[in-house]
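Chemist: can you look at this prediction? I've put the sequence above it.
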Amino acid sequence: MSKSQNKNGSPRFATVVEVRESLVIIQVDEQTALKKNEVGYVCVGEERLKAEVLRIRGRTADMQVFEDTTGVRVGDRVEMTDEMLSASLGPGLLGRVFDGLQSPLHDVAEQYGFFLPRGADVPSLEETQEWAFTPAVKEGDRVPPGGVLGTVPEGPVTHKVMVPFNEAEPVTINWIGHGNYKLTDTIARVQTSRGEQELTMVQRWPVRRAIPASLLRNRYAERLYSQQPLTTGTRIIDTFFPIATGGTGCIPGPFGAGKTVLQSTIARYATVDIVIVVACGERAGEVVETITLYPETSDPRTGGTLMDRTIIICNTSSMPVAAREASIYMGVTLAEYYRQMGLNVLLIADSTSRWAQAMRETSGRMEEIPGEEAFPAYLDSSIKSVYERAGVIRCPDDSQGSVTMIGTVSPAGGNFEEPVTQSTLGTVKTFLGLSYDRAYKRFYPAIDPLISWSRYLDQLRPWLNQNLDANWVDDVKRLHELLREGDTINQMMQVTGEEGITLEDFITWQKSVLLDMAFLQQDAFDDVDAFMPRERQLESLHLLKKIIDCEYEFKNRDDVRTFFTKVTGLYKNWNYSSLNSADYSKYKREIEHLASGGPPHTQDSI
């Protein structure tokens, strides 16, 4: 790799003057200028440790080292590169596992062994593989930054090779290739304001900058308003707390509340083209489970495996702190890259709590003034800057792409009042709060409907009312209020017993329990119930609403309990039945009979 140079043409170097664990203080001469977020390499013998400039103070700067700093001493040389911390963008990203610096972990393990060494330098993308390039332009065409030069097949998607995003103006095609090429081969020669340039299939982009920034400034891309919901197949999310395509959501919850299972279910069934999982600080065992599970999980969208359209960014809690902090930016950048192709991307960040803890450690070593619970004072703005990179855009070729971001938060002790959760809640528009009590009762998903919310329900009202039902949003809000009424009645019964409430209140409580047990709960391990299409959710909710709205005449509480227990059992069996099967029709007829006010059947009911 060529080193950057000073104005006089000499290489740019710095010297280590202080070491604070993963933070080193460097000093440069008067002729060397540094840039924030510039990458440099700390030289320790034959090893070169990657580092990034965080803060500049005159001739000194603070650099966070992305690897173990054992052996780094005062006086060690630092080679500056004049490059920002960047991602390599091109074909071959799908189906791979990277760390936060985009080092391919499988390739590193094959080359260096089981334990990852310091200073390992392996190309992010496979440079020897050939790709079948089909041009989308011809000589003489003017193509804007981000415009499509051609396509190559990449697994289940068509990968668009684009004009580099950092071009200042449209380029003119002097020559365009056709056929099989390696990533480093020239596939186009273009005329720019700097003269003729050769383009390959790979481009670099700084991870801490949003990709659309330069495009929007030149009006080559347009940011759009999220108008359609993301379908996850999970009833409580799609119906009560929807997430918009290109929107943001968070899943906070204590340990053991089912975050991992829920995010895996969303990743498998969500209506997206690409899934990117950023394990920014999870325990090694959970990350290993993700890495081994995805290649074995069938993909209902493509018929292959889920890993075929997934990228995993892996930085466990035992990996260097600085790399963990960078991992989420790497994941967002890769998501934006595929969004520029007109694809819908789902980014799952697990867990942003440990990402924030990494920032806290680095901030402490920089001796910055701490905020609440010793987190950096800029925690809130850092979280917002990440989630704000989600969204929907119209690409230069008029296709639409999106990045939907869902972050899981792991507050200590399930305390939602801690700073990371609160900052996240002030940023996202869907809050899916997991409850330990519901998880303890084996409720799945353990999303507590009484504390969760979605600002997208009203935003998506036109789409929901047009595509599902004219009164969909109002009906959902009314059923949500039923859950609150039922909880209030249940709390009264905890004090007074069933005898302390009226029969009418007891019926209301039973209706809320029916809604909770029959609709909000779902079996993630059942082939049928794990995913429910929106059409079936509409049918299910309509039928459930008939039962709830029906006026029944019961003699006593035992009759009420018997009736609703029977309906709940029928409903659960109906959820497990394949669409239009014999059992599906049988259970539906029985439920409709009860919804009409008729007496329960004695046979073939449960």
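Modeler: On my side now, so go ahead.
Chemist: the helix or strand bottoming out on mean pLDDT in the chain: what's the following helix or strand?
Modeler: When the helices and strands of the chain are scored by mean pLDDT, DSSP states H and E, helix 212-217 comes last with a mean of 53. Counting by DSSP states H and E, the next helix or strand C-terminal to helix 212-217 is strand 222-224.
Chemist: listing partners with orientation, what would you give for that following strand?
Modeler: Sheet pairing here is set by DSSP bridges, and for strand 222-224 it gives strand 391-394 (antiparallel).
Chemist: ok, and what's touching the partner strand?
Modeler: With CB atoms under 8 Å, 6 or more residues apart in numbering as the test, strand 391-394 has contacts from 212, 221-226, 245-246, 339-340, 400-403. No exception for glycine: its C-beta is placed from N, CA and C like everyone else's.
Chemist: what residues sit buried inside that strand?
Modeler: For strand 391-394, the neighbour count (16 or more other CB atoms under 10 Å) marks Gly391, Val392, Ile393 as buried.
Chemist: what pLDDT is listed against the last one?
Modeler: pLDDT for Ile393: 93.
Chemist: so it bridges to which residues?
Modeler: Applying DSSP bridges, one finds that Ile393 bridges with Arg223, Gly401.
Chemist: tell me the SS of the closest residue to Ser86 other than its chain neighbours?
Modeler: The shortest distance from Ser86 to any non-neighbouring residue, by CB to CB, 6 or more residues apart in numbering, is to Arg204 (4.4 Å). Following DSSP: H, G, I helix; E, B strand; the rest coil, the label given to Arg204 is strand.
Chemist: for beta bridges, what are the partners of Arg204?
Modeler: Ser88.
Chemist: Ile274 too?
Modeler: Taking DSSP bridges as the rule, Ile274 bridges to Val345.
Chemist: doesn't Met341 make contact with it?
Modeler: No - using CB atoms under 8 Å, Ile274 is not in contact with Met341; the gap is 9.1 Å.
Chemist: how about low-confidence regions in the stretch 401-550 of the chain?
Modeler: The stretch 401-550 of the chain contains no residues with pLDDT under 70.
Chemist: show me where it has strands.
Modeler: For the stretch 401-550 of the chain, the strands defined by DSSP state E, counting those that start in this stretch cover 430-431, 453-454.
Chemist: next: the stretch 151-300 of the chain.
Modeler: With DSSP E, counting those that start in this stretch as the criterion, the stretch 151-300 of the chain has strands spanning 157-162, 171-176, 179-182, 188-192, 195-199, 203-206, 222-224, 248-252, 274-280.
Chemist: redo those strands as TSV? Include mean pLDDT, mean neighbour count and distance to Gln31.
Modeler: TSV is the format used below for the strands of the stretch 151-300 of the chain (pLDDT from 0 to 100; neighbours: other CB atoms under 10 Å; distance: least, CB to CB, whole Å):
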stretch	mean pLDDT	mean neighbour count	distance to Gln31
strand 157-162	96	22	37
strand 171-176	96	18	35
strand 179-182	97	15	39
strand 188-192	96	19	30
strand 195-199	95	13	28
strand 203-206	96	18	25
strand 222-224	86	14	42
strand 248-252	96	27	45
strand 274-280	93	28	38
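Chemist: for Asp107, find the nearest of those.
Modeler: strand 179-182 (16.2 Å; CB to CB).
Chemist: isn't the residue nearest to Ser86 up against Leu89?
Modeler: Yes - Arg204 lies in contact with Leu89 (CB under 8 Å); the separation is 7.1 Å.
Chemist: any idea whether Leu149 is helix, strand or coil?
Modeler: strand.
Chemist: ok, it to Leu343 distance?
Modeler: Shown here: Leu149 relative to Leu343, a distance of 17 Å by CB to CB, to the nearest Å.
Chemist: what's the answer for Thr151, then?
Modeler: Remark: distance between Thr151 and Leu343 (CB to CB) = 12 Å.
Chemist: between the two, who's got more neighbours?
Modeler: Leu343 (23 against 19; other CB atoms under 10 Å).
Chemist: can you pull the contacts of the more buried one?
Modeler: Applying CB under 8 Å, 6+ apart, we find Leu343 in contact with Val157, Asp273, Ile274, Gly401.
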